[in-house]
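A.B. asks: Here is the input, now give the coordinates:
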Amino acid sequence: MYPNRGNRYRSLFKATLAFCCVVIILFSGLTVSSYAATDCTAEIRHIQVVQATSEPSQVPQKGWQKVQLPDHWQKRWKNYDGHVWYRISWDYLCPTHQRSSIGLAVHSINMAGQVYLNQQLIWQDQSLQEPLSRSWNMPRYWVFPATALHQGQNTILIRVTGIAAQSPGLGKIYLGQPDLAFQHYQQQWWYQRFSHLVRLICSITLGILCFSIWILRRQETAFGWFALACAFWSIFTYYLLSTDPAPFIHTFDVARANIIFLLCYVVCFIIYTWRFSGKTYPKLEKFIWLSVVIFAVLVLTLPVQQQDWILKIVLIYTILGFILNCLIYPYIVYHSKQIEQYLLALCLVLYLLLGLYNLILFLKHSEINYFTIIYTTPVTVIFISITLAMRLVRNMKLIEAFNETLEQKVITVKAELNDSLNTQHQLELTNIKLQERINLAHDLHDSLGGALVRSIAMIDQSHSNLSNQQFVSILKLLRDDLRQVIDHGSSNGVKVPESPVLWGAPIRHRFDQLFEELDIHSEWYFPEQWEFQPTPLECLTLLRIAEEALTNIIKHSQAKNVAIKLYFSGQQLILKIEDDGIGFDVDAVKQSGISIGMQSMHMRMEQLNGQFSIHSQSGYTCLSACVSRII
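C.D. replies: As a prediction, this is how the structure comes out:
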């Protein structure tokens with residue numbers, strides 16, 4: 001529907017890109033194009049300084065002294081806090097028909113100030129009284145229009161307010177063509193503002209990263225100390241960059257706190273290097289922290305008039321401690337054979353070179369904006385990045401090696417498990433076969449064996465006067481018992497009778513006739529209904545136990561009365577068989593192990609998790625088998 005829409009979008013994008021390029025080019029060349037070179041010149045004749053009078057806003061008329069910039073007035077007026085005027089006398093030489101603007105770039109005003117051009121105020125800090133503004137690390141730039149300049153002599157007055165302990169004074173200036181002045185200003189902005197801002201952002205980022213690592217893995221104490229060092233350095237850098245007056249805090253108090261933050265940063269960084277190499281020096285660390293406490297107390301409690309020497313001592317102590325650690329650390333890690341520690345040693349050597357150079361600059365009272373210590377931050381970022389990358393790669397290799405070992409171990413264990421399962425399966429098959437044989441033996445003993453005992457007893461009672469029909473009947477009973485053994489070899493084919501009476505009818509029928517022939521009186525008790533229906537296996541087990549018990553009574557007891565009871569007691573189904581025979585020693589029979597029938601009964605009840613007991617004495621024997629219903 002819109003065939004040219006894509007072309008229009010591409011054209012619009014190209015036009016936008018071209019416009020941005022033109023803007024960038026114009027912006028980069030703004031200073032040159034806006035201020036074309038002319039024949040106008042600004043020649044500084046002399047620079048003078050004088051202390052302010054009791055009325056600081058009034059320019060003194062006498063007492064001026066010539067100086068060179070940068071100037072720190074504590075060399076001239078020791079322990080002087082207050083206001084100082086700087087007067088820059090210069091000549092503006094320009095053809096009348098080509099008058100143009102002049103630019104002024106000031107590197108620093110320590111601490112706060114005002115700037116006048118030919119008695120006209122053109123700029124001043126937010127606060128010229130305590131708490132003071134902090135222009136000591138802020139370059140300034142102005143463009144003086146040609147209409148505000150006089151042909152020939154002109155005067156720039158700069159009023160500076162400072163405190164003796166903070167090296168008060170005026171930094172270097174550049175007076176001339178606006179484009180060159182702006183280049184000076186940009187250069188100083190990079191050194192004094194932007195580079196420190198980048199360091200502050202990097203310190204906060206690294207501090208948060210290392211603090212997170214330490215929180216998640218507390219044994220990584222090196223990262224914890226580095227995070228603490230980054231925190232102190234971030235506070236120090238923040239106050240270094242801050243230009244607004246600190247509310248309700250004296251300027252000197254901010255300086256005292258800042259030197260303590262610098263000292264704590266160096267101490268934490270030193271301990272970080274020790275922890276990184278796996279070293280601890282408890283006594284030395286206690287001494288260092290004790291010195292920090294002592295210096296902090298002195299810095300915070302000594303009068304302002306005595307602060308100059310203690311601040312210098314603390315600063316020198318801080319720098320020397322850092323330098324000594326840089327010298328000693330390569331020796332500490334010489335035998336470690338770890339690339340990470342060698343890299344840190346290399347970084348510390350680089351810090352040492354930069355630190356020595358900055359110390360020389362400091363002793364020469366050079367301006368802070370030329371300090372090369374700003375280059376330590378990218379080195380630190382690169383080192384931390386390489387360290388984390390190396391540890392990540394090493395941990396990944398360990399994980400991969402562990403995974404390979406684990407995989408091989410799993411394969412080996414799986415093969416061993418398969419072999420074990422195959423062996424177990426074969427053992428289970430053998431056990432099943434043996435169990436089937438045992439079950440068959442028990443069934444033959446309990447069922448067919450009982451039938452044989454009954455048949456023998458009947459033959460003995462008849463004194464060999466049995467007819468053919470009676471022999472056939474006995475053989476049929478043996479055949480039925482054998483068929484029952486075959487059919488009931490497991491509980492799968494067994495059905496639960498409809499009532500306890502039907503359950504006990506077959507066994508009662510088989511034994512009643514025999515009991516009559518042996519002149520044994522029997523009582524049978526079965527409930528009319530199941531209170532809870534047993535399982536087929538439970539029915540078969542109780543039946544086999546009853547057969548075995550009654551067979552033993554016939555064979556061994558010489559009893560005259562037998563009672564067979566099946567009844568419910570709560571959630572239990574109990575079979576109880578009692579007789580008045582001669583009894584036997586139950587423990588002796590169990591220990592002898594010759595009673596297959598008793599072993600069979602015990603085994604059958606154990607398979608059901610039931611209870612089986614026999615109590616016997618002369619004249620009374622009681623067998624009890626109990627199965628419970630699990631609710």
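A.B. asks: V160 is in what secondary structure piece?
C.D. replies: Take DSSP states H and E as the rule and V160 turns out to sit in strand 152-162.
A.B. asks: Contacts for that strand next, please.
C.D. replies: 45, 52, 56-57, 59, 73, 81-93, 104, 106, 109-119, 128-129, 132, 168-170, 175 (C-beta atoms under 8 Å, 6 or more residues apart in numbering). All C-beta spots, glycine's among them, are computed from the backbone N, C-alpha and C.
A.B. asks: Among the residues you listed, name the buried ones.
C.D. replies: 52, 56, 59, 73, 81, 83-88, 90, 92, 104, 106, 109-117, 128, 132, 168-170, 175 (16 or more other C-beta atoms under 10 Å).
A.B. asks: Narrow these to those in strands?
C.D. replies: Filtering those for membership in strands, criterion DSSP state E, returns 83-88, 90, 92, 104, 106, 109-110, 112-117, 169-170, 175.
A.B. asks: Under the pLDDT cut-off, which ranges of this protein? List them.
C.D. replies: 1-39, 96, 359, 361-375, 432-433, 435-494, 593-596, 630-631 (pLDDT under 70).
A.B. asks: Nearest the geometric middle of it, what residue?
C.D. replies: With distances taken as C-alpha atoms, centre = their mean, the residue of the chain nearest its centroid is L216 (3.4 Å).
A.B. asks: ok, now how distant is it from E400?
C.D. replies: 22 Å (C-beta to C-beta, to the nearest Å).
A.B. asks: How about Q177?
C.D. replies: From Q177 to E400 the distance is 64 Å (C-beta to C-beta).
A.B. asks: Give me the buried positions along stretch 240-252.
C.D. replies: Under 16+ other C-beta under 10 Å, the buried positions of stretch 240-252 are L240, L241, P245, A246, T251, F252.
A.B. asks: Farthest pair within those residues?
C.D. replies: By the measure C-beta to C-beta, L241 and F252 form the most distant pair in the buried residues of stretch 240-252, at 18.4 Å.
A.B. asks: name the helices or strands packed onto the top helix by length along the chain?
C.D. replies: Under DSSP state H, the helix in the chain containing the largest number of residues is helix 376-443. Under the contact criterion of 3 or more C-beta pairs under 8 Å, 6 or more residues apart in numbering; DSSP states H and E, helix 376-443 touches helix 195-216, helix 339-363, helix 596-607.
A.B. asks: tell me which strands and helices the second one is in contact with?
C.D. replies: Applying 3+ C-beta pairs under 8 Å, 6+ apart, one finds that helix 339-363 makes contact with helix 251-276, helix 307-332, helix 376-443.
A.B. asks: most packed of these?
C.D. replies: Highest mean neighbour count among these (mean count of other C-beta atoms under 10 Å): helix 251-276, with a mean of 21.
A.B. asks: relative to strand 112-117, how tilted is that helix?
C.D. replies: 120 degrees (axes from the mean of the first three to the mean of the last three C-alpha atoms, to 10 degrees).
A.B. asks: which is the next helix or strand following helix 251-276?
C.D. replies: Next along from helix 251-276, by DSSP H and E: helix 282-301.
A.B. asks: Okay, buried residues for that following helix please.
C.D. replies: Those would be I288, V292, F295, A296, L298, V299, for helix 282-301 by 16+ other C-beta under 10 Å.
A.B. asks: would CSV of these with distance to H521 be doable?
C.D. replies: Formatted as CSV, those follow (distance: C-beta to C-beta, whole Å):
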residue, distance to H521
I288, 107
V292, 108
F295, 114
A296, 111
L298, 117
V299, 116
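A.B. asks: Let me know the closest of those to E548.
C.D. replies: I288 (91.5 Å).
A.B. asks: Look up how far Y281 lies from that closest one.
C.D. replies: I288 is 9 Å from Y281, by C-beta to C-beta.
A.B. asks: can you check T621 too?
C.D. replies: Distance from T621 to Y281, by C-beta to C-beta: 88 Å.
A.B. asks: Who has more neighbours out of the two?
C.D. replies: Legend: neighbour count by other C-beta atoms under 10 Å for T621 and Y281, higher for T621 (25 against 12).
A.B. asks: Run through the residues that contact that one.
C.D. replies: Applying C-beta under 8 Å, 6+ apart, we find T621 in contact with S557, A559, E578, D579, G581, G583, F584, I614, H615.
A.B. asks: ok, what's across the strand from it?
C.D. replies: Going by DSSP bridges, T621 is paired in beta bridges with D579, S616.
A.B. asks: if we can go back for a sec, mind checking which of the helices and strands packed on helix 339-363 is nearest I360?
C.D. replies: It's helix 307-332; of the helices and strands packed on helix 339-363, that one is closest to I360 (C-beta to C-beta) at 11.2 Å.
A.B. asks: Send over stretch 559-572 as CSV, restricted to the C-alpha atoms.
C.D. replies: Extracted C-alpha coordinates of stretch 559-572, given in CSV (Å, rounded to 0.1, in the frame of the first residue of the first chain):
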residue,chain,number,x,y,z
ALA,A,559,-6.6,-86.0,73.5
LYS,A,560,-10.3,-86.8,74.2
ASN,A,561,-11.7,-83.3,73.6
VAL,A,562,-11.0,-80.8,70.9
ALA,A,563,-12.4,-77.2,70.4
ILE,A,564,-12.0,-75.4,67.2
LYS,A,565,-13.0,-71.7,67.3
LEU,A,566,-13.0,-68.9,64.7
TYR,A,567,-14.1,-65.5,65.9
PHE,A,568,-13.6,-61.7,65.6
SER,A,569,-12.2,-59.4,68.2
GLY,A,570,-12.4,-55.8,67.0
GLN,A,571,-10.3,-55.7,63.8
GLN,A,572,-8.7,-59.1,64.4
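A.B. asks: Flag every buried residue along it.
C.D. replies: Buried residues in stretch 559-572 (16+ other C-beta under 10 Å): A559, V562, I564, L566.
A.B. asks: can you list those in JSON lines and add distance to I316 and secondary structure?
C.D. replies: As requested, those are exported to JSON lines (distance: C-beta to C-beta, whole Å; DSSP: H, G, I helix; E, B strand; the rest coil):
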{"residue": "A559", "distance to I316": "116", "secondary structure": "coil"}
{"residue": "V562", "distance to I316": "115", "secondary structure": "strand"}
{"residue": "I564", "distance to I316": "111", "secondary structure": "strand"}
{"residue": "L566", "distance to I316": "106", "secondary structure": "strand"}
